[in-house]
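Asks: Any chance you could fold what I've pasted below:
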Amino acid sequence: MSKRINYIISELSDQYLIDDDSQRPWIIGFSGGKDSTALLQLVWLALKKIPHELRSRKIYVVCNDTMVENPVVADYVDSVLKMIGQAAVEQGLPIEVQKTIPRLEDAFWVNILGRGYPVPNNAFRWCTDKMKIRPTSRFITEQVVENGEAIILIGTRSAESASRAQSIKKHEIKGKRLTKHPHQHNTYVYSPIKDLLLEEVWYIINTMTSPWGADNSKLFQIYTDASADDYECPTMVTDKSHSSCGQSRFGCWTCTVVKEDKSMSAMVSKGYPWLKPLLDLRSQMIENRNESDNRLPTRRNGQLAISEDGIHQGNYTQKYRAELLEQVLIAQQEVQKERPDLHLITNQELIAIQVLWHKDLCFEFRVSEIYNRVFNKELDMKKFNEKMQKEVDLLKSVCNDKPSDFDLIQELLIMQKNKALLNRKRGLKDDMERVIEKYLKKSS
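Replies: Numbering: from 1, shown residues only. Now for the predicted structure:
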């Protein structure tokens with residue numbers, strides 16, 4: 001086993017030093033899980049074998065935070081990323097930590113509660129692109145623009161699943177370490193640990209000292225606590241203290257694509273009972289997803305969305321969006337009894353949701369009123385609302401004799417502000433032209 005691992009370390013050193021005038025950076029996708037941890041440990045050891053003067057290629061450890069990650073795992077990953085960054089500086093390694101997050105317009109709650117997107121399922125899995133692919137792709141694109149090309153190192157393993165093995169085989173070129181990225185321009189993929197077995201991954205984690213000073217037993221314990229069965233457990237352990245680590249697929253606690261979140265359920269029963277409100281909220285979102293009363297008869301683009309038996313299949317109604325926001329805030333209130341610093345939804349997201357409700361002409365429900373009802377305190381949106389009111393009063397005074405002019409200018413201003421807040425300037429000109437046309441037809 002150690003021979004295979006040493007071979008991978010040597011291969012990594014060789015690939016790092018290969019003649020390459022472009023100095024294209026290495027980008028390591030790091031989730032904090034067992035595979036990406038094992039990969040980074042081997043890369044780190046390979047880099048340490050290389051003389052300091054030859055360590056010229058930059059290595060980025062990129063971690064994507066969807067903002068709805070399992071809180072226990074998110075805390076662990078944050079602490080590890082901090083250690084990685086500090087250790088790289090102390091050891092003089094060209095390793096830099098980068099954390100990516102979705103843009104506000106792509107955030108989970110902004111789309112669910114603001115735009116009324118139904119929670120994802122296998123038929124409508126919009127979350128992967130918005131929350132995972134886009135943030136990392138933007139960073140990769142920046143590196144390609146700056147350096148001409150980039151190499152992505154991933155911890156994918158053939159033994160992980162039949163579909164993973166098939167995907168690796170499909171893209172690899174025989175005799176070549178690097179393969180062309182199927183979607184990213186001027187980007188290559190390198191899978192150094194693709195042939196490692198599960199036992200070998202755990203061997204690296206459990207027997208080799210973390211080069212950045214992390215306690216890998218904490219990672220093993222997280223897998224143990226999240227175990228629902230023994231599929232992901234190493235059949236060979238090196239210490240009597242190593243218990244079964246189970247099948248632990250960590251990801252978004254809001255994930256409604258899978259039928260059951262086994263890892264979260266296991267964690268609730270093994271020392272993290274405060275996670276139960278999240279588990280319950282996820283179950284409610286799945287249960288209420290396809291309720292006709294919660295859905296509109298049309299999609300956001302105006303397309304009719306009614307099944308043959310009369311079930312509404314469009315976006316969520318304004319009423320259900322407001323109800324779901326209250327459920328989210330109640331869940332946040334519950335978990336904050338144990339974790340006062342944990343926020344399931346940010347204030348910035350709450351403001352964006354209110355903006356989108358205004359855009360949808362939803363004035364019956366207010367984010368601040370729902371928040372104040374749950375927490376019995378003022379949400380810091382007062383200045384935002386006061387500023388809006390001052391602008392409205394000023395505009396009314398200017399358009400005193402022509403109410404239709406006030407309506408037109410107000411709608412154009414709101415449209416521009418919505419686009420600015422959500423970073424969606426694209427299409428603003430066309431939208432404004434349509435609004436002006438509508439008002440011209442009314443006046444004629």
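
Asks: When you work out contacts or count neighbours from here on, use the C-alpha atoms and nothing else.
Replies: Will do.

Asks: where do the strands sit along the stretch 1-150 of the chain?
Replies: 26-29, 59-64, 95-100, 150-153 (DSSP state E, counting those that start in this stretch).

Asks: Any idea which of those strands gets closest to residue 311?
Replies: strand 59-64 (36.9 Å; C-alpha to C-alpha).

Asks: Can you list the strands that the closest one pairs with?
Replies: strand 26-29 (parallel), strand 95-100 (parallel) (DSSP bridges).

Asks: got any ranges where this protein has weak pLDDT?
Replies: 1, 19-21, 159-175, 228-249, 379-396, 398-428, 431-432, 435, 439, 443-444 (pLDDT under 70).

Asks: Domain ranges for it, per the record?
Replies: Domain ranges of the chain: 2-214, 290-375, 382-443, per automatic domain parsing.

Asks: Skipping adjacent residues, who's closest to residue 24 in space?
Replies: residue 150 (4.9 Å; C-alpha to C-alpha, 6 or more residues apart in numbering).

Asks: Contacts only, for that neighbour.
Replies: By C-alpha atoms under 8 Å, 6 or more residues apart in numbering, the contact set of residue 150 is 24-27, 140, 143-144, 186-188.

Asks: Same question for residue 62.
Replies: Residues near residue 62 by C-alpha under 8 Å, 6+ apart: 27-30, 97-100, 136.

Asks: again, only this time at 6 Å
Replies: 28-30, 98-99 (C-alpha atoms under 6 Å, 6 or more residues apart in numbering).

Asks: returning to what we had before: between the domains of the chain, which one is closest to residue 278.
Replies: Here domain 290-375 is closest among the domains of the chain (C-alpha to C-alpha), at 6.5 Å.

Asks: Compile the contacts of residue 150 into a markdown table and extend it with columns for distance to residue 352.
Replies: Output for the contacts of residue 150, formatted as a markdown table (distance: C-alpha to C-alpha, whole Å):
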| residue | distance to residue 352 |
| --- | --- |
| 24 | 38 |
| 25 | 36 |
| 26 | 35 |
| 27 | 32 |
| 140 | 27 |
| 143 | 30 |
| 144 | 32 |
| 186 | 35 |
| 187 | 34 |
| 188 | 36 |
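
Asks: For residue 8, state which of the residues you listed is nearest.
Replies: residue 26 (16.1 Å).

Asks: in terms of contact, does that closest one touch residue 59 like I think?
Replies: Yes. Here residue 26 reaches residue 59: they are 4.7 Å apart, a contact under C-alpha atoms under 6 Å.

Asks: Please enumerate the shared neighbours of the two.
Replies: Contacts common to residue 26 and residue 59, judged by C-alpha under 6 Å, 6+ apart, are absent.

Asks: circling back to that earlier point, which of the contacts of residue 62 lies closest to residue 370?
Replies: For the contacts of residue 62, the minimum distance to residue 370 (C-alpha to C-alpha) is 31.7 Å, reached by residue 99.

Asks: Show me where the stretch 251-400 of the chain has its helices.
Replies: With helices called from DSSP state H, counting those that start in this stretch, the stretch 251-400 of the chain shows them at 262-269, 276-288, 318-335, 347-359, 367-375, 382-398.

Asks: Ok, which of the ones you listed comes nearest residue 212?
Replies: Using C-alpha to C-alpha, the helices of the stretch 251-400 of the chain put helix 262-269 closest to residue 212, at 26.9 Å.

Asks: What is that closest one packed up against?
Replies: The helices and strands touching helix 262-269, judged by 3 or more C-alpha pairs under 6 Å, 6 or more residues apart in numbering; DSSP states H and E, number zero.

Asks: in it, what's buried?
Replies: Judged by neighbour count using 16 or more other C-alpha atoms under 10 Å, the buried positions of helix 262-269 are 262-268.

Asks: Using TSV, lay out these together with distance to residue 361.
Replies: Below are the buried residues of helix 262-269 laid out as TSV (distance: C-alpha to C-alpha, whole Å):
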residue	distance to residue 361
262	40
263	40
264	38
265	39
266	43
267	42
268	40
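
Asks: tell me which of these is nearest to residue 74?
Replies: Ranked by distance to residue 74 (C-alpha to C-alpha), those are led by residue 264 at 13.2 Å.

Asks: From residue 346, how far out is the closest residue in space to the closest one that isn't next to it in sequence?
Replies: Excluding the flanking residues, the one nearest residue 264 by C-alpha to C-alpha, 6+ apart is residue 226, at 6.4 Å. Per C-alpha to C-alpha, to the nearest Å, residue 226 is found 27 Å from residue 346.

Asks: Name the residue in the two with the higher neighbour count.
Replies: Ranked by neighbour count (other C-alpha atoms under 10 Å), residue 226 and residue 346 place residue 226 first, with 25 against 12.

Asks: got the phi/psi numbers for the more buried one?
Replies: phi -100, psi 10 (degrees, to the nearest 10).

Asks: What residues sit buried inside stretch 343-351?
Replies: So for stretch 343-351, counting by 16+ other C-alpha under 10 Å, buried means 343-345, 349-351.

Asks: got it, and stretch 90-101?
Replies: Neighbour-count burial for stretch 90-101 [16+ other C-alpha under 10 Å]: 93, 95-101.

Asks: For residue 204, state which of the buried residues of helix 262-269 is nearest.
Replies: Of the buried residues of helix 262-269, the one sitting nearest to residue 204 (C-alpha to C-alpha) turns out to be residue 263, at 22.8 Å.
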